[in-house]
Structure formats: structure tokens, C-alpha cells
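A.B. asks: Okay, predicted coordinates and the sequence, questions at the end:
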Amino acid sequence: VHERPQALHLANQELQSAMDTLKNAQEEIQRTDRLAALGALVAGIAHELNTPIGNCVVVASTTQSISEQFAKEVESGLKRSSLQSYVNQIKQANQLLERNLHSAAELIGSFKQVAVDRTSAKRRQFELHAVVEETVRTLAPSFKHSGHSVEYAVPPDIVMDSYPGPLGQILNNLINNAMLHAFEGRENGLIHISARLLSSQQVQLEVRDNGVGIPEANLGRIFDPFFTTKLGQGGSGLGLNIVYNLVSNVLGGSIRVESTLQQGTHFFLILNLDAPASPLMPEIM
């Protein structure tokens with residue numbers, strides 16, 4: 001009889017040990033997946049940067065050749081037509097440089113968003129409505145003259161122990177994505193942000209617009225890195241991928257999207273009020 005409790009105790013110890021081993025293995029898999037995703041993102045950024053940087057190199061080389069030829073013409077007697085031609089060519093070259101450098105800067109800026117500022121990314125307690133309000137207020141000047149607006153209705157009593165920096169970045173990207181894609185050919189577009197408690201542990205945050213919607217064929221790809229329908233028009237294809245990674249890997253939540261053509265798009269984020277400790281984010285000591 002006395003052997004049974006002892007055997008049960010040993011069995012419980014073995015079970016606990018097995019569970020600990022499984023948990024460690026899961027954490028290692030998650031860490032490896034995060035590193036693999038980051039590696040793929042870095043490789044993708046490098047590939048995408050090749051085009052604008054390569055164009056800049058070509059323009060710089062061409063400008064040098066034009067300038068050398070211009071210098072020779074100056075020595076031999078410059079004609080008015082040659083001067084005008086030189087000015088026009090340099091002007092075109094500068095426009096190409098500016099356009100390609102701007103594209104490169106946008107790509108780098110998008111990549112920097114992945115590594116959210118470590119100060120704003122610290123974990124702390126905060127009211128959800130305060131983060132939403134601050135994000136909307138910060139973005140207001142950028143869409144002031146667009147004819148579109150952002151509204152929000154978030155209860156003031158939803159308190160989270162999480163990462164306000166990444167959460168603000170998520171909202172920032174979702175709003176900017178809607179401004180870029182949702183209202184093409186439309187006036188008075190509306191983005192609405194709302195939230196409600198699902199339980200004592202979770203909150204559902206919703207961001208929806210009344211825009212043109214997303215084609216069904218694209219819905220399964222919108223969170224993929226570098227997927228964009230606005231290439232060269234301000235869309236890097238990283239905004240929603242960053243949103244997905246921050247929601248999943250930092251806030252420990254989930255995100256899904258529903259969309260109907262000509263009616264709008266609706267993002268649903270389910271977040272833990274008490275976020276899991278994330279190895280990507282620093283804790284407040």
C-alpha cells in the first residue's frame with residue numbers, strides 16, 4: 001500500500017519532467033521560427049534594395065560620363081544648345097536618383113519597424129484607449145487633407161499589461177494601409193477602431209474601413225512579406241507582415257481579416273490583457 005503513493009509520486013515527477021521538456025522544445029521551435037522569419041525578411045529586404053540601389057549606380061555612372069563630355073565641350077567652346085542639353089540631362093538624372101533613393105529609404109524604414117524602438121517597446125500597464133487615442137492623434141496631420149477620417153470607440157476601463165510600443169505600431173500600420181489602399185477613387189472614407197472584452201483574459205480589437213475591399217484572391221496573401229498592389233506607389237509590402245509578426249510573436253495574439261468588395265475590410269485582433277513574456281522585447285527591471 002505504501003508503495004502506491006511513492007509510485008504515483010514518481011510517475012508525476014516523470015510526467016512533469018516530460019512536460020517541461022516539451023515546453024522547452026516548443027520555446028526553442030518558436031525561437032528558431034522567429035529567427036528564420038527574421039532571416040527571410042533580411043534576405044528579402046536585401047533583394048528588394050538591389051533595384052533602387054542598382055539604378056542609382058547606373059545614374060551616377062551616366063552623370064559622370066555626361067559631366068566629362070560637358071567639360072571637354074567647355075574647353076573647346078561651349079554652345080548654348082550643349083549647355084541646355086547638359087542641364088536637362090542632369091535634371092532627369094537627379095529626378096531618377098531622388099525617386100530611387102526614396103524607394104530605398106522606404107524599404108529601410110519599413111525594416112526598422114520590425115525592431116521597434118526599445119524604449120517604447122518596454123512592457124508596462126496601460127489603458128488601451130490611451131494608446132489608440134495617441135496613435136490616431138499622432139497620425140491625424142498625415143491624413144488631414146485626404147478627405148478621410150479615423151474614429152474610435154474604446155472603453156476607458158480596458159487595462160493591459162503588455163507592450164504599448166508594438167501595439168501602437170500595429171494600429172499605425174493598419175491605419176496607413178487603409179489610407180493607401182482602401183479609398184482609391186473614393187471620398188469621405190472612414191476607418192473605425194473599436195474594442196471589447198472577450199473574457200477576463202482577452203480583448204478583441206477591431207479596425208475596419210468602408211473602402212473598396214480586398215479581392216478574395218489576395219486575402220490569403222496580405223500578410224506575406226513584400227506582397228503589395230501598390231509597388232512604386234508608396235507600398236513596400238511590409239506593413240501588414242510587420243503587423244502579423246508583432247501580433248503573433250510579441251503580443252502573443254492572433255489576427256484575421258474579412259473583406260467584401262465595395263463594402264470594406266475588417267481586421268480582428270484577439271490580444272491577451274496580460275501579454276506573454278516575449279524574448280523580442282525588453283522587460284522593465
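C.D. replies: Sure thing, it's come through.
A.B. asks: Might one say that residue 73 is in contact with residue 81?
C.D. replies: No: applying C-beta atoms under 8 Å as the test, residue 73 and residue 81 come out as separate, 10.3 Å apart. Any C-beta I mention is one placed from the backbone N, CA and C, and that applies to glycine too.
A.B. asks: who has more neighbours, the two?
C.D. replies: When residue 73 is set against residue 81 and neighbours are counted by other C-beta atoms under 10 Å, the residue ahead is residue 73, at 14 against 8.
A.B. asks: Surely that one is within a helix?
C.D. replies: Yes: assessed with DSSP: H, G, I helix; E, B strand; the rest coil, residue 73 lies in a helix.
A.B. asks: following the lowest-mean-pLDDT helix or strand in the chain, which helix or strand comes up?
C.D. replies: Lowest on mean pLDDT, DSSP states H and E among the helices and strands of the chain sits helix 3-76, with a mean of 75. Downstream of helix 3-76, the first helix or strand assigned by DSSP states H and E is helix 80-114.
A.B. asks: What helices and strands are in contact with that following helix?
C.D. replies: Applying 3 or more C-beta pairs under 8 Å, 6 or more residues apart in numbering; DSSP states H and E, we find helix 80-114 packed against helix 3-76, helix 239-245.
A.B. asks: Point out the other helices and strands that the helix or strand that the shortest one is followed by packs with.
C.D. replies: By that I understand helix 239-245. Using DSSP H and E, the helix or strand that follows helix 239-245 in sequence is strand 254-260. The helices and strands touching strand 254-260, judged by 3+ C-beta pairs under 8 Å, 6+ apart, are helix 216-219, strand 264-272.
A.B. asks: ok, now with 10 Å
C.D. replies: Counting contacts by 3 or more C-beta pairs under 10 Å, 6 or more residues apart in numbering; DSSP states H and E, strand 254-260 is packed against helix 164-181, strand 202-209, helix 216-219, helix 239-245, strand 264-272.
A.B. asks: Would you mark the buried spots in that strand?
C.D. replies: For strand 254-260, a neighbour-count test (16 or more other C-beta atoms under 10 Å) marks 255, 257, 259 as buried.
A.B. asks: Could you give the separation of that strand from the chain centroid?
C.D. replies: Remark: strand 254-260 is offset 16 Å from the chain centroid, using C-alpha atoms, centre = their mean, to the nearest Å.
A.B. asks: Kindly calculate the angle that that strand makes with helix 164-181.
C.D. replies: Going by axes from the mean of the first three to the mean of the last three C-alpha atoms, to 10 degrees, strand 254-260 is angled at 20 degrees with respect to helix 164-181.
A.B. asks: so what strands line up beside strand 254-260?
C.D. replies: Sheet pairing of strand 254-260 (DSSP bridges) gives strand 264-272 (antiparallel).
A.B. asks: avg pLDDT for the strand it pairs with?
C.D. replies: Per-residue pLDDT values across strand 264-272 average out to 96.
A.B. asks: No further queries at this time; thank you.
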